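>>> this is the structure alone, sequence omitted:
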């Protein structure tokens, strides 16, 4: 069995087989996170493709010293979803959503729980302090930006950044 670091190096060297393997390893959990942000199955499908294409295009920018590959590609996915939500075309299509879309938006948290469990994150979140857990949930599970989380929690953005960084460090220690 090939090691993840070797697979990522092959991916960075534009090996299509490595791309396929990484796609099969991560696409389902990335899709779950994207779906939780955009609340639309077909858009999430499209964003998974966009995420992996951006990762492929920018593979050389990944550095194992800065963090895990999954975290790197997850950030690409999250940013891709946020860009989509902020796009004019998405805002225009949102005007025409059916009531089913809004019902799905309210009830879709079960899917997210399952997808984050598949990558093993939710079992570690309760071990964080309440404040750190809240920030990690807003930023990485709910898809808030740091500015949005700051407004939502009515705390300074610097506090959001500090709690996020400390929460990620604590999660990293638990997972690794």
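Here it is on my side, so go on. Remember, predicted model here, so these are calculated numbers, not experimental data.

>>> looking at this protein, which helix is longest?
The longest helix of the chain (DSSP state H) is helix 16-38.

>>> by contact count, what packs against that one?
Secondary-structure packing of helix 16-38 (3 or more Cβ pairs under 8 Å, 6 or more residues apart in numbering; DSSP states H and E): helix 4-12, helix 41-57, helix 69-86, helix 109-118. Every C-beta, even on glycine, is put in place using the N, C-alpha and C of the backbone.

>>> what is the mean pLDDT for that helix?
Per-residue pLDDT over helix 16-38 has a mean of 90.

>>> tell me what the strand or helix carrying residue 134 is packed against?
With elements taken from DSSP states H and E, the one containing residue 134 is helix 130-136. The contact analysis (3+ Cβ pairs under 8 Å, 6+ apart) places helix 130-136 against helix 146-153, helix 157-175.

>>> so the longest helix of the chain versus helix 69-86, what angle?
The directions of helix 16-38 and helix 69-86 differ by 50 degrees, with axes from the mean of the first three to the mean of the last three Cα atoms, to 10 degrees as the criterion.

>>> please state the offset of helix 16-38 from the chain centre?
Averaged C-alpha coordinates place helix 16-38 at 10 Å from its chain's average position (Cα atoms, centre = their mean, to the nearest Å).

>>> could I get the buried residue list for that helix?
18-19, 21-23, 26-27, 29-38 (16 or more other Cβ atoms under 10 Å).

>>> okay then, goodbye and thanks.
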